[in-house]
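> only the shape, not the letters, is given here:
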């Protein structure tokens, strides 16, 4: 398991920088599956928030 600063950095790279999983893995020096795991968590949270906000506009 990664330490919290690394997890937050992976989330930052995915959400703000728009990096791919391959780029994140290279920058953080982790396996691509680890990068995907932590980058995927943030995407799931964003998707849930987006679906909630769409309900209000329909």
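Now that the structure is in, tell me what you want to look at. Bear in mind that the values here come from a model prediction, so they are computed numbers and not experimental data. Numbering: from 1, shown residues only.
> which outside residues touch stretch 7-25?
Contact with stretch 7-25 is made by 2, 27-28, 30-32, 34-36, 38-39, 41-43, 46, as judged by C-beta atoms under 8 Å, 6 or more residues apart in numbering. Any C-beta I mention is one placed from the backbone N, CA and C, and that applies to glycine too.
> next up, the contacts around residue 28.
Counted by C-beta under 8 Å, 6+ apart, residue 28 has contacts 6, 9-10, 13, 35.
> re earlier: ok, of the contacts of stretch 7-25, which come out buried?
28, 30, 34-36, 38-39, 42 (16 or more other C-beta atoms under 10 Å).
> now those residues in JSON lines, with pLDDT and distance to residue 19?
As requested, these are exported to JSON lines (pLDDT from 0 to 100; distance: C-beta to C-beta, whole Å):
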{"residue": "28", "pLDDT": "96", "distance to residue 19": "10"}
{"residue": "30", "pLDDT": "97", "distance to residue 19": "13"}
{"residue": "34", "pLDDT": "95", "distance to residue 19": "14"}
{"residue": "35", "pLDDT": "95", "distance to residue 19": "9"}
{"residue": "36", "pLDDT": "94", "distance to residue 19": "12"}
{"residue": "38", "pLDDT": "92", "distance to residue 19": "12"}
{"residue": "39", "pLDDT": "90", "distance to residue 19": "8"}
{"residue": "42", "pLDDT": "58", "distance to residue 19": "12"}
